[in-house]
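In: Please work out how this folds:
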Amino acid sequence: MTEQLQQAIERLQKLPIEEQNAIAERILDELDQREWDNLTSTSHVQQALIELADEAELQEKAGETEEGGFALE
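Out: Residues are numbered from 1 along each chain as shown. Coordinates of the predicted model:
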């Protein structure tokens with residue numbers, strides 16, 4: 001752990017529990033977003049997402065989708 005992060009944690013520990021939880025939630029959300037961005041930035045994942053979008057578009061044009069939900073096959 002870096003010194004700067006250690007200082008931040010020490011300061012956070014002095015805050016009321018509700019504020020600690022709110023800041024922790026923001027940090028976790030940021031980490032989740034970074035993880036998602038890293039996962040979806042690879043070329044093979046981007047290609048798979050494009051293929052899924054193309055398939056969904058074809059299903060929509062063929063009338064195989066339902067408003068507000070998922071159709072079961």
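In: and the next element down the chain from the strand or helix carrying residue 7?
Out: Following DSSP states H and E, one finds residue 7 within helix 3-12. Going down the chain from helix 3-12, the next helix or strand is helix 17-40, by DSSP H and E.
In: In that next one, which residues are buried?
Out: In terms of neighbour count (16 or more other C-beta atoms under 10 Å), helix 17-40 has no buried residues at all. In this view, the C-beta of every residue, glycine as well, is placed from N, C-alpha and C.
In: that older thread, show me what the helix holding residue 7 is packed up against.
Out: Where contact means 3 or more C-beta pairs under 8 Å, 6 or more residues apart in numbering; DSSP states H and E, helix 3-12 is packed against helix 17-40.
In: Let me see the mean pLDDT of the helix it packs on.
Out: Mean pLDDT, computed over helix 17-40, is 96.
In: Could you find the closest non-adjacent residue to residue 12?
Out: In space, and not counting its chain neighbours, residue 12 is closest to residue 20: 5.6 Å by C-beta to C-beta, 6 or more residues apart in numbering.
In: Does the one you found touch residue 13 like I think?
Out: Yes - using C-beta atoms under 8 Å, residue 20 makes contact with residue 13 at a distance of 7.3 Å.
In: Need the overlap of contacts for those two.
Out: Counting by C-beta atoms under 8 Å, 6 or more residues apart in numbering, residue 20 and residue 13 have no common neighbour.
In: quick one, phi/psi of residue 66?
Out: Note on residue 66: backbone dihedrals following degrees, to the nearest 10 are phi -120, psi 140.
In: next one: residue 13
Out: Per-residue torsions, residue 13: phi -60, psi -20 (degrees, to the nearest 10).
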